[in-house]
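# 3D, please:
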Amino acid sequence: MVEPFRDIDPARVAANLAEVRSALPAETEVLVACKYVPCEEMGALAEAGVEIVGENRLGDLEEKRARWGDAFTWDFIGNLQSRKVRDVLPLVRLIHSVHSGSVIKQLAKYGDADTEVLIQVNVAREEGKGGVDPEALGEVIASCPVRVAGLSTMPPFTDDPERSRPYFARLAELAADHGLERLSMGTSQDWRVAAEEGATTIRIGSTLFT
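Residues are numbered from 1 along each chain as shown. So this is what the prediction gives:
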């Protein structure tokens, strides 16, 4: 179990963030995954120049959004339960993890003209992992009642970032096939490879705090 990050040093975060950004194309977004950042520590991220944060759980999103508001742009990056779609939508710019029919039905009820989502694709076809099968992607996009802005994926965990490259490359191919621009992929262990394969958003956490 990962322990919450406490006593976050804004200067350290700012330096690490600058290092990451220097290795990225100017247009690539850095989303900071804040699942393990307590609400009271979010101010350190703002002080460090973090602009976009991603939360995994509705309860934490509600608490942090209520306290920190416009200090950040907020995205939802966790597994989204259909019964929580209504509550998540007003709090975020973008949902990165749409992949189930039940969530899509709720988007039809509660989404509007400004709603944007990313379809999560299980590129590696891992058993037990959320995400749309690549072969079903076209059908899922067509059924989505709100704007599909792009795709996301989480490849199989590995200590070797190069092993993630084929999955990132495949996601980029799928996005191009369907005329989609956004690619949310890459985390602390493989963000450099993700950026090389066309990520428009990378999601990092521990890299910034240590």
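
# all strands of the protein, in order?
Under the criterion DSSP state E, the chain carries strands at the ranges 29-33, 52-55, 73-76, 94-98, 116-120, 147-152, 182-184, 201-204.

# Columns mean neighbour count and distance to L174 on top of those strands, output as JSON lines?
Heads up, the C-betas are built off the backbone N, CA and C, glycines and all. As requested, the strands of the chain are arranged in JSON lines below (neighbours: other C-beta atoms under 10 Å; distance: least, C-beta to C-beta, whole Å):
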{"stretch": "strand 29-33", "mean neighbour count": "21", "distance to L174": "20"}
{"stretch": "strand 52-55", "mean neighbour count": "24", "distance to L174": "21"}
{"stretch": "strand 73-76", "mean neighbour count": "22", "distance to L174": "21"}
{"stretch": "strand 94-98", "mean neighbour count": "24", "distance to L174": "15"}
{"stretch": "strand 116-120", "mean neighbour count": "24", "distance to L174": "9"}
{"stretch": "strand 147-152", "mean neighbour count": "21", "distance to L174": "6"}
{"stretch": "strand 182-184", "mean neighbour count": "24", "distance to L174": "9"}
{"stretch": "strand 201-204", "mean neighbour count": "24", "distance to L174": "16"}
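
# give the contact list for R163.
P155, P156 (C-beta atoms under 8 Å, 6 or more residues apart in numbering).

# Let's check: the centremost residue of this protein is which one?
Nearest residue to the geometric centre of the chain (C-alpha atoms, centre = their mean): I77, 4.2 Å.

# Just want to check the distance between the closest residue to that one other than its chain neighbours and S164.
Excluding the flanking residues, the one nearest I77 by C-beta to C-beta, 6 or more residues apart in numbering is G54, at 3.8 Å. Note on G54: its distance to S164, by C-beta to C-beta, to the nearest Å, is 19 Å.

# coming back round to it: got TSV for the strands of the chain, with mean pLDDT and distance to I141 too?
Output for the strands of the chain, formatted as TSV (pLDDT from 0 to 100; distance: least, C-beta to C-beta, whole Å):
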stretch	mean pLDDT	distance to I141
strand 29-33	98	22
strand 52-55	98	22
strand 73-76	98	19
strand 94-98	98	10
strand 116-120	98	6
strand 147-152	98	5
strand 182-184	98	13
strand 201-204	97	19
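
# among these, which is nearest A66?
Proximity to A66, assessed across the strands of the chain by C-beta to C-beta, is greatest for strand 73-76 (11.2 Å).

# Tell me the strands beside the closest one, with direction?
According to DSSP bridges, strand 73-76 forms sheet pairs with strand 52-55 (parallel), strand 94-98 (parallel).

# can you pull out the helices in the protein?
For the chain, applying DSSP state H gives helices covering 10-22, 42-48, 58-68, 85-88, 101-110, 137-143, 165-177, 191-196, 206-209.

# As CSV, the ones you listed with distance to T158 and mean pLDDT would be great.
Output for those, formatted as CSV (distance: least, C-beta to C-beta, whole Å; pLDDT from 0 to 100):
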stretch, distance to T158, mean pLDDT
helix 10-22, 20, 97
helix 42-48, 28, 98
helix 58-68, 28, 98
helix 85-88, 30, 98
helix 101-110, 28, 98
helix 137-143, 23, 97
helix 165-177, 10, 98
helix 191-196, 11, 97
helix 206-209, 16, 90
